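K.L.:
quick one, structure for this:
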Amino acid sequence: MVFGELLSAAAKRLGGTIGTDEPRSDDRFLTFPGDTATSIAGSLRSEVVGGTRSLTRSGPTVGSFSSVSARIRYPRGTFVGESLARFKRVLGHGARPERREHNAAIGYYLVGPQGRTLWGYGTSQNGVLAIGLAESLTGARIDWSNEG
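P.N.:
Here you go, the predicted structure:
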């Protein structure tokens with residue numbers, strides 16, 4: 001699986017199906033049989049709504065990976081379930097905190113090569129609850145708000 005790959009090709013290779021949250025939306029994601037713990041979402045697209053330009057996650061290509069499963073390993077060996085302190089330590093000096101959520105969740109992100117961003121959030125009590133890899137910081141923030 002790579003960024004920019006067609007979701008339809010990924011679905012065929014992985015035996016998954018492409019879904020959408022809303023009937024009229026062109027937002028697409030890939031789900032796997034019997035495994036709702038992992039998703040592969042569409043890419044960012046610029047949209048103008050009511051005169052305001054915004055970036056939304058949509059389109060036919062892979063734009064992000066996210067998971068709530070400890071079985072999935074992300075760059076630097078990060079995974080769901082590890083402590084937030086370890087997650088931040090593994091990200092290194094480039095780790096940046098994300099805003100604190102209303103439910104007291106804390107998140108961190110690391111922007112890497114070509115803007116690709118590794119993110120994760122959780123609580124000090126439960127560790128990392130969700131983790132993802134997005135094609136950009138903007139995409140990571142969209143994923144963060146969708147998961148959080």
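
K.L.:
okay, CA-based contacts and neighbour counts for the rest of this
P.N.:
OK.

K.L.:
got any ranges where the chain has weak pLDDT?
P.N.:
Scanning the chain for pLDDT under 70 picks out 22-26, 33-37, 44-58, 101-103, 147-148.

K.L.:
how far away from the center of its chain is the top helix by length along the chain?
P.N.:
Ordering each helix of the chain by length in residues (DSSP state H) puts helix 137-147 first. Put simply, helix 137-147 sits 6 Å off its chain's centre (Cα atoms, centre = their mean, to the nearest Å).

K.L.:
which other helices and strands does it contact?
P.N.:
Judged by 3 or more Cα pairs under 8 Å, 6 or more residues apart in numbering; DSSP states H and E, the packing partners of helix 137-147 are strand 52-58, strand 64-67, strand 117-123, strand 127-134.

K.L.:
flag every buried residue along it.
P.N.:
137-144, 147 (16 or more other Cα atoms under 10 Å).

K.L.:
over to stretch 96-108?
P.N.:
98, 105-108.

K.L.:
ok, now stretch 105-120?
P.N.:
Those would be 105-111, 116-120, for stretch 105-120 by 16+ other Cα under 10 Å.

K.L.:
now the longest helix of the chain and strand 117-123, what's the angle there?
P.N.:
Here the directions of helix 137-147 and strand 117-123 differ by 30 degrees (axes from the mean of the first three to the mean of the last three Cα atoms, to 10 degrees).

K.L.:
ok so, going back, and of the buried residues of stretch 105-120, the nearest to Gly92?
P.N.:
Leu110 (8.5 Å; Cα to Cα).

K.L.:
please name the bridge partners of the closest one.
P.N.:
Residues in a beta bridge with Leu110, per DSSP bridges, are Leu118.

K.L.:
if I look at it, how far off is Gly16?
P.N.:
Distance of Leu110 to Gly16, given as Cα to Cα, to the nearest Å: 29 Å.

K.L.:
again with Leu7
P.N.:
Leu7 sits 10 Å away from Gly16, going by Cα to Cα.

K.L.:
thanks a lot, see you next time.
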